[in-house]
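*Asks:* Predicted model follows, preceded by the sequence.
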Amino acid sequence: MIHLDHVSVRYRSGMPWARTYKDAAREASFSIPEGSTLGLVGESGSGKSTLGKVCLGLLRPDAGQAQLAGEPIYGIGRRRPGTLAAVLQHPEWSFNPKLTIGRSIGEPLWRTGITRDEEIKAVVSILERVGLSEDYSSRLPNELSGGQRQRASIARALVTTPKFVVFDEAVSALDVSIQAQILNLIKELQNEIRFATLFISHDLAAVRYLAHEIAVINQGKIIATAPAKSFYSPMADSYVRRLQEASGLIEVDKKEPGL
Ligand SMILES: Nc1ncnc2c1ncn2[C@@H]1O[C@H](COP(=O)(O)OP(=O)(O)O)[C@@H](O)[C@H]1O
Ligand SMILES: [Mg+2]
C-alpha cells in the first residue's frame, strides 16, 4: 500500500551565497502492506520524521518515488482528504487551545462536506473507541491529562477512517505506564479499523510491541529491515546493538570500548 523507492531528501538552508545542505534521507526504501505496521527506529536526527513527512505527502522527495496504492503521495492530503493521518509527540501543541476537544476531533471532517449532526455523531463514536466518554467533547485541551490528550489526538487521526496513519514519537513524551496503555489502544484500534501504520520512535522497545517489521535508520540511510521478533537477540551491527541496549532489549556489552 505504501511504497518508498530510493527516496532522498535534502534540506537547504542559509543565504544564497552561503548555502548549506543536509541530506536527511538517502535512498531510503520500504513498503508497508495494507493493515500492516512498519516500525522505523533510529537515533535522534537520523531522518525518521523526514521520512514520516514524505509518507504523509508533506515533503516531496528530491529523488526517488513515494507512492500510496500506486499514486504519488505528495499532495495527497489535498487531493483525497482523510486518506492519511498523523499522531505526533506533543499532543499539547497539536490542539487549538481555544477549540473544544470535540470540535478539534471533528475538524478533519469539515473538508469532507459532512453535516454538523453527522460530525457530532462521528466524534462521539470515535471518542468512545479511544476510551474517552462523551463529555470530554466539550472540554478544552488544557483540561485533559497528557494521556487523555494523546487519546484525543488518536481520535482526531482516526475520525476520517484513514487508510494509513503515521505515529511519530507518539508515546515518547508520556510516562511509562501511560505509554503501555496508549500502545495497547493503538493495537486494538488497528485490529478494528485495519489501517496501515508507520510507527516512528527512537525507542526500539515501543516499536517492537506494535510493528510486524522494523526498519533501522542511521544518518538518513535504512541500514537494516527485519521482522520485529529478530530484535530480541543481539544484532551484528553495532548501531543496531546500541539501540537494542538503549531500550533495554539486550544487556549492555561491557567489553565494547567507549561505553
Ligand atoms: N527543515 C529543516 N531544515 C534543515 N535541516 C533539517 C530540517 N528538518 C530536519 N533537519 C535535519 O535533518 C536531519 C534529520 O531530521 P529528522 O528527520 O527530524 O530526524 P529524527 O526525526 O530522526 O530526529 C537532522 O540532522 C535535522 O537537523
Ligand atoms: Mg523526529
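*Replies:* Cool, the structure landed. Residues are numbered from 1 along each chain as shown. Ligands and ions are numbered 1, 2, ... in the order given.

*Asks:* continuing past the worst-scoring helix or strand of the chain on mean pLDDT, what's the next helix or strand?
*Replies:* Across the helices and strands of the chain, mean pLDDT, DSSP states H and E gives its lowest value to helix 91-94, namely a mean of 70. Proceeding N to C from helix 91-94, the next assigned helix or strand is helix 101-110, under DSSP states H and E.

*Asks:* Can you pull out the low-pLDDT segments for the stretch 51-200 of the chain?
*Replies:* 91-92 (pLDDT under 70).

*Asks:* helices or strands next to the helix or strand L51 falls within in the packing?
*Replies:* Assigned by DSSP H and E, L51 belongs to helix 48-55. Secondary-structure packing of helix 48-55 (3 or more CB pairs under 8 Å, 6 or more residues apart in numbering; DSSP states H and E): strand 2-13, strand 20-32, strand 37-41, strand 164-168, strand 196-201. All C-beta atoms are positioned from the backbone trio N, CA, C, and that covers glycine.

*Asks:* What count of nearby residues applies to E27?
*Replies:* 15 (other CB atoms under 10 Å).

*Asks:* Against Y239, how distant is the nearest residue to it once chain neighbours are set aside?
*Replies:* Leaving aside its chain neighbours, E27 sits nearest to H6 (4.4 Å; criterion: CB to CB, 6 or more residues apart in numbering). Per CB to CB, to the nearest Å, H6 is found 21 Å from Y239.

*Asks:* and S49, what does it touch?
*Replies:* Residues near S49 by CB atoms under 8 Å, 6 or more residues apart in numbering: D168, I200.

*Asks:* now it: how far from D135?
*Replies:* As judged by CB to CB, S49 and D135 stand 34 Å apart.

*Asks:* again, but for Q190
*Replies:* 27 Å.

*Asks:* quick one, which of these two is more surrounded?
*Replies:* Comparing Q190 with D135 by neighbour count (other CB under 10 Å), the higher total belongs to Q190, at 18 against 10.

*Asks:* Test my guess that the more buried one contacts T197.
*Replies:* Yes. Q190 lies in contact with T197 (CB atoms under 8 Å); the separation is 6.4 Å.

*Asks:* what sits in contact with each of the two?
*Replies:* Shared contacts of Q190 and T197, defined by CB under 8 Å, 6+ apart, comprise T37, L210.

*Asks:* Residues of this protein that sit close to ligand 2?
*Replies:* Residues of the chain lying close to ligand 2 (CB under 5 Å from the ion) are K48, S49.

*Asks:* try 8 Å this time
*Replies:* Contact residues (CB under 8 Å from the ion) of the chain with ligand 2: S44, K48, S49, T50, G52, Q89, D168, E169, I200.

*Asks:* Show the buried residues in those.
*Replies:* Neighbour-count burial (16 or more other CB atoms under 10 Å) is assigned, among these, to K48, S49, T50, G52, Q89, D168, E169, I200.

*Asks:* Which residues are in contact with the fifth one?
*Replies:* Spelled out, that is Q89. D168, E169, A170, S172, A173.

*Asks:* With the fourth one instead?
*Replies:* If you count contacts by CB under 8 Å, 6+ apart, G52 has them with L40, A86, V166, D168, L198, I200.

*Asks:* try 10 Å this time
*Replies:* Going by CB atoms under 10 Å, 6 or more residues apart in numbering, G52 touches L40, L58, L59, A86, L88, V166, F167, D168, E169, L198, F199, I200.
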